[in-house]
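1. Got a predicted structure here, sequence first:
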Amino acid sequence: MPIVESSFRPAWWLRGAHVQTLWSPMVRFAPNVQRKRERLELDDGDFLDLDWQLDGEGPIVIVLHGLTGSSESKYILGVQRRLKELGWRSVALNFRGCSGEPNRLARSYHSGETGDFASLLNLVKERFPDTPVGAAGFSLGGNVLLKWLGETQSTDLFGAVASSVPLQLGRCAAQLEQGFARVYMNRFVRDLQQAVIDKHQTLLDQGRTTPAEKLEPYLGLSHIATLRDFDEYVTAPLHGFEGAEHYYATCSSRQFVSSIQTPTTIVHAVDDPFMPDDIHPNEDELSDQVTLELSSRGGHVGFVSGWNPIKPIYWLEQRVVHHLSQLFAESQT
């Protein structure tokens, strides 16, 4: 499928990549969505916290957040609210340890962990066997979604949308070490390190000594200064990779887009400050089920438009829901 030019036009008062990226997390009020939380117990003894919005009779969309995010991320709430307005239902997955409570095992989540998404999809299909299911992933969640779609070649979803995806993880890690992007990287590294410390203490308090002991080698690593360092010394060994390069090579989603069999749209901004400007796949890398919608601007999970700063338009959420509704309509013909 082709690479198409996006219709996005940035707000005149919010034209730069960094202000596009920072506006929503720093300025936007959290959208109000009534949801019900459920804890899904996993076969390995861990759990996933799910936030359901089940008002309506339409399809169900699984929504996946980004690195150090959660179901409380404003873009997740915004998409769930727009889906509700459409009469659709949704469930936001909190990756392990992201729901406000540390998970029970030493392992956590990462950009290539697709098993937890598969567990949630199986639950949705079992509970709602006659309901069409779609998915939307943002940033890390988009990488997880694209990787799962490509590695399984599944057609269980009527459609998928992935936004601001770090398609080549190693190059993104390197990009975050450049210029102002280090501000984002430092925040990621600080939050990820603190999550390990907090989980270790929680496991001790709960009497879970075995997983707590497994985390001890990853405490107090003062030499970790970059995201690549964290992936080399924490993410990789905790999740069975030989190192950061092995993790990046195995889990980067760009290599999987050629195998996707589900109708899928990738929304990407060339000026995304988390990524090199040429990170997106070429047309010959896209399967005939994948369309890449490319914008010159938009930042990372930004895409804020509108003329009035008091009433900004969160274009990305509108676009994600529009794409899903189009893909669903096409699946019914």
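-> Yes, it's here.

2. Run a quick neighbour tally on the closest residue to V234 other than its chain neighbours.
-> Once flanking residues are discounted, V234 sits nearest to Y218: 5.0 Å by Cβ to Cβ, 6 or more residues apart in numbering. Glycine gets a C-beta too; all of them are placed from N, C-alpha and C. As a burial measure, Y218 scores 20 neighbours (other Cβ atoms under 10 Å).

3. Ramachandran angles for the nearest residue to K36 once chain neighbours are set aside?
-> Of all residues not flanking K36 in the chain, W52 sits nearest, at 4.9 Å (Cβ to Cβ, 6+ apart). The phi/psi pair for W52 (degrees, to the nearest 10) reads phi -90, psi 140.

4. So which residues make contact with the lengthiest helix in the chain?
-> Scanning the chain for the helix with the most residues, using DSSP state H, yields helix 181-205. Outside helix 181-205, the residues that touch it by Cβ atoms under 8 Å, 6 or more residues apart in numbering are 21, 67-68, 97, 101-104, 108, 175-177, 209, 211-212, 215-216, 218-219, 221, 224-227, 229-230, 234, 273-274.

5. just the helices in the chain please.
-> Here the chain has its helices, by DSSP H, at 17-27, 74-85, 115-127, 140-152, 169-175, 181-205, 209-215, 227-230, 236-238, 244-251, 315-331.

6. and the first one, what does it pack onto?
-> Contacts of helix 17-27 with other secondary structure elements, assessed using 3 or more Cβ pairs under 8 Å, 6 or more residues apart in numbering; DSSP states H and E, are made with helix 74-85, strand 304-305.

7. that older thread, chain center to the longest helix of the chain, what's the gap?
-> 18 Å (Cα atoms, centre = their mean, to the nearest Å).

8. Ok, stretch 258-271 next?
-> For stretch 258-271, the gap between its own C-alpha mean and the chain's C-alpha mean amounts to 13 Å (Cα atoms, centre = their mean).

9. now do the same end-to-end measure for stretch 57-68.
-> Start and end residues of stretch 57-68 are separated by 32 Å (Cα to Cα, to the nearest Å).

10. and that stretch, which residues are buried?
-> G58, P59, I60, V61, I62, V63, L64, H65, G66, L67, T68 (16 or more other Cβ atoms under 10 Å).

11. Go through those residues and flag which are in strands.
-> Among these, the ones falling in strands (DSSP state E) are I60, V61, I62, V63, L64.

12. about what we covered before: possible to save the helices of the chain as TSV with distance to V33, mean neighbour count and mean pLDDT?
-> Formatted as TSV, the helices of the chain follow (distance: least, Cβ to Cβ, whole Å; neighbours: other Cβ atoms under 10 Å; pLDDT from 0 to 100):
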stretch	distance to V33	mean neighbour count	mean pLDDT
helix 17-27	15	18	97
helix 74-85	5	22	98
helix 115-127	18	16	98
helix 140-152	17	26	98
helix 169-175	30	21	98
helix 181-205	24	16	97
helix 209-215	33	15	97
helix 227-230	30	21	98
helix 236-238	33	18	98
helix 244-251	30	19	98
helix 315-331	12	20	97
